[in-house]
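# fold the following, please.
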Amino acid sequence: QVQLQESGPGLVKPSQALSLTCTVSGGSITTPWNYWYWIRQSPGKGLEWMARIDFVGNTYYSPSLKSRATISRDTSKNQFTLQLSSVTPEDTAVYYCAMEKNANVPRTLNEFDYRGQGMQVTVSS
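Now for the predicted structure:
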């Protein structure tokens, strides 16, 4: 059973950078045909997929966030990380890391094969 756990700061000041880490257990981030996501959900915007990294390290970004988001991985720690620069209060959301066993992008949280419990990130001074 694959388990994912998000970690990072729960409060970030505007204009700062946000860094979140997803620690994976019960499976490897290099297993073929597994795709690893950062997604977020906020009351006003619904579910938004932000970035994806695949089993060989290829990265994909939401066009709206491409200039600010960076997804990376540490295979030795079985972790992948999201960095989001120049945050604003609009980036306040519950952030999830998730995994899908194919290249199709799920539309809802429940469609992901596995996901973390999510963590609230608030951007405020």
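
# could you pull out the strands for the protein?
3-7, 11-12, 18-25, 35-42, 46-54, 59-61, 69-74, 79-84, 93-100, 114-115, 119-123 (DSSP state E).

# now tabulate the ones you listed in CSV and tack on mean neighbour count, mean pLDDT and distance to Thr108.
Quick note: C-beta positions are derived from backbone N, CA and C, even for glycine. Shown next, in CSV, are those (neighbours: other Cβ atoms under 10 Å; pLDDT from 0 to 100; distance: least, Cβ to Cβ, whole Å):
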stretch, mean neighbour count, mean pLDDT, distance to Thr108
strand 3-7, 17, 98, 17
strand 11-12, 16, 98, 26
strand 18-25, 18, 98, 19
strand 35-42, 21, 96, 10
strand 46-54, 18, 94, 6
strand 59-61, 16, 96, 19
strand 69-74, 17, 98, 21
strand 79-84, 22, 98, 20
strand 93-100, 22, 97, 11
strand 114-115, 20, 96, 11
strand 119-123, 16, 97, 19
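
# those: which one's closest to Pro106?
Closest to Pro106 of the strands of the chain is strand 93-100 (Cβ to Cβ; 5.9 Å).

# what packs against the closest one?
strand 3-7, strand 18-25, strand 35-42, strand 79-84, strand 114-115, strand 119-123 (3 or more Cβ pairs under 8 Å, 6 or more residues apart in numbering; DSSP states H and E).

# who does Ile53 form a beta bridge with?
Trp36, Thr59 (DSSP bridges).

# relative to Val105, how far out is it?
Distance, Ile53 to Val105, by Cβ to Cβ, to the nearest Å: 13 Å.

# can you check Tyr37 too?
Distance from Tyr37 to Val105, by Cβ to Cβ: 8 Å.

# overlap in contacts, the two.
Trp49, Arg52 (Cβ atoms under 8 Å, 6 or more residues apart in numbering).

# now distance to Asn58 too, for the helices and strands packed on strand 93-100, in JSON lines please.
Output for the helices and strands packed on strand 93-100, formatted as JSON lines (distance: least, Cβ to Cβ, whole Å):
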{"stretch": "strand 3-7", "distance to Asn58": "19"}
{"stretch": "strand 18-25", "distance to Asn58": "17"}
{"stretch": "strand 35-42", "distance to Asn58": "9"}
{"stretch": "strand 79-84", "distance to Asn58": "12"}
{"stretch": "strand 114-115", "distance to Asn58": "20"}
{"stretch": "strand 119-123", "distance to Asn58": "25"}
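
# okay then, goodbye and thanks.
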